[in-house]
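Enquirer: all I have is the shape, not the residue letters:
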């Protein structure tokens with residue numbers, strides 16, 4: 001038990017250090033995006049999407065074609081993986097952008113798009129704005145959807161007025177990703193009966209709209225932080241058990 005306690009403490013310390021390191025990387029990027037903290041909300045989102053895309057495109061061009069086989073890349077995936085080794089996948093682009101926005105104080109939501117009957121065929125990012133809109137962005141294509149007034153468009157506006165927004169897509173955009181077959185923020189089918197039951201109970205207690213807007217993936221956006229909490233909890237339980245064992249031995253006649 002003492003060995004397990006030592007391992008848990010070691011993992012928790014390492015996880016905390018890794019999480020702090022990643023946050024420091026994000027802070028340095030944020031300083032480049034908004035050095036004087038003077039950007040408006042929408043200008044900050046625009047600049048952040050451009051910066052995230054700039055970084056990831058160059059990482060992908062440099063190392064994205066290499067197949068990494070290290071134990072770390074096989075067993076543990078950080079949301080900064082596209083920053084570290086590069087990847088052309090939309091999910092990695094959106095997760096990196098989501099982590100960046102969260103660090104800036106936003107509450108982003110992953111968007112899983114349904115295309116040709118396949119859920120998650122394309123992953124984008126929605127960002128709640130102060131005006132109540134759920135602003136839609138596409139980190140892979142470096143695109144922020146804008147309405148006719150030039151403001152960041154609500155995701156439902158994009159869904160309901162696709163003909164307008166389609167005309168303003170960037171050249172590389174794949175137009176099969178048109179939001180007409182539905183979207184979701186959480187895959188409530190992932191664990192079958194378990195997650196479906198959670199969705200049903202949550203819908204009954206909190207309302208269907210609340211559950212539909214819930215993005216569970218964002219709870220785990222910083223995997224090192226999760227690893228830290230889990231290992232620290234295990235270490236705490238083991239320490240308590242060790243204390244009780246030593247106490248019982250000490251009090252034995």
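Expert: Everything's here; your move. What you are looking at is a predicted structure, and each value in this text was computed from that prediction instead of being measured.

Enquirer: what average pLDDT does the lengthiest strand in the chain get?
Expert: Secondary structure of the chain per DSSP state E: the longest strand is strand 118-128. In this model, strand 118-128 has a mean pLDDT of 95.

Enquirer: helix or strand right after it?
Expert: Counting by DSSP states H and E, the next helix or strand C-terminal to strand 118-128 is strand 134-138.

Enquirer: mind giving me the packing neighbours of that following strand?
Expert: Strand 134-138 is packed against helix 41-63, strand 118-128, strand 143-144, helix 155-160, with contacts defined by 3 or more C-beta pairs under 8 Å, 6 or more residues apart in numbering; DSSP states H and E. Heads up, the C-betas are built off the backbone N, CA and C, glycines and all.

Enquirer: so where's the stretch 151-253 of the chain uncertain?
Expert: For the stretch 151-253 of the chain, the stretches with pLDDT under 70 are 247-253.

Enquirer: related to what we said a few turns ago, list the buried residues in the longest strand of the chain.
Expert: When burial is assessed from 16 or more other C-beta atoms under 10 Å, strand 118-128 yields the following buried residues: 121-127.

Enquirer: how about those residues in JSON lines, adding distance to residue 29?
Expert: What follows is the buried residues of strand 118-128, written out as JSON lines (distance: C-beta to C-beta, whole Å):
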{"residue": "121", "distance to residue 29": "29"}
{"residue": "122", "distance to residue 29": "24"}
{"residue": "123", "distance to residue 29": "21"}
{"residue": "124", "distance to residue 29": "20"}
{"residue": "125", "distance to residue 29": "16"}
{"residue": "126", "distance to residue 29": "21"}
{"residue": "127", "distance to residue 29": "17"}
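
Enquirer: between these, which is nearest residue 1?
Expert: Nearest to residue 1 among the buried residues of strand 118-128, counting by C-beta to C-beta, is residue 123 at 42.4 Å.

Enquirer: quick check, the closest one in contact with residue 90.
Expert: Yes. If you go by C-beta atoms under 8 Å, residue 123 and residue 90 touch, sitting 4.7 Å apart.

Enquirer: what about the longest helix in this protein?
Expert: Of all segments of type helix in the chain, defined using DSSP state H, the longest is helix 2-33.

Enquirer: next, the buried residues of that helix.
Expert: For helix 2-33, a neighbour-count test (16+ other C-beta under 10 Å) marks 5, 8-9, 11-12, 15-16, 18-19, 22-23, 25-26, 29-30, 33 as buried.

Enquirer: surely residue 180 touches residue 159?
Expert: Yes. Assessed by C-beta under 8 Å, residue 180 is found in contact with residue 159 at 7.2 Å.

Enquirer: of those two, who's got more company?
Expert: A direct count of neighbours by other C-beta atoms under 10 Å for residue 180 and residue 159 places residue 159 higher, at 16 against 13.

Enquirer: contact partners for that one?
Expert: Residues near residue 159 by C-beta atoms under 8 Å, 6 or more residues apart in numbering: 179-180, 183.

Enquirer: could you dump these to JSON lines with secondary structure and distance to residue 228?
Expert: Listed next are these as JSON lines, based on DSSP: H, G, I helix; E, B strand; the rest coil; distance: C-beta to C-beta, whole Å:
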{"residue": "179", "secondary structure": "coil", "distance to residue 228": "37"}
{"residue": "180", "secondary structure": "coil", "distance to residue 228": "41"}
{"residue": "183", "secondary structure": "strand", "distance to residue 228": "32"}
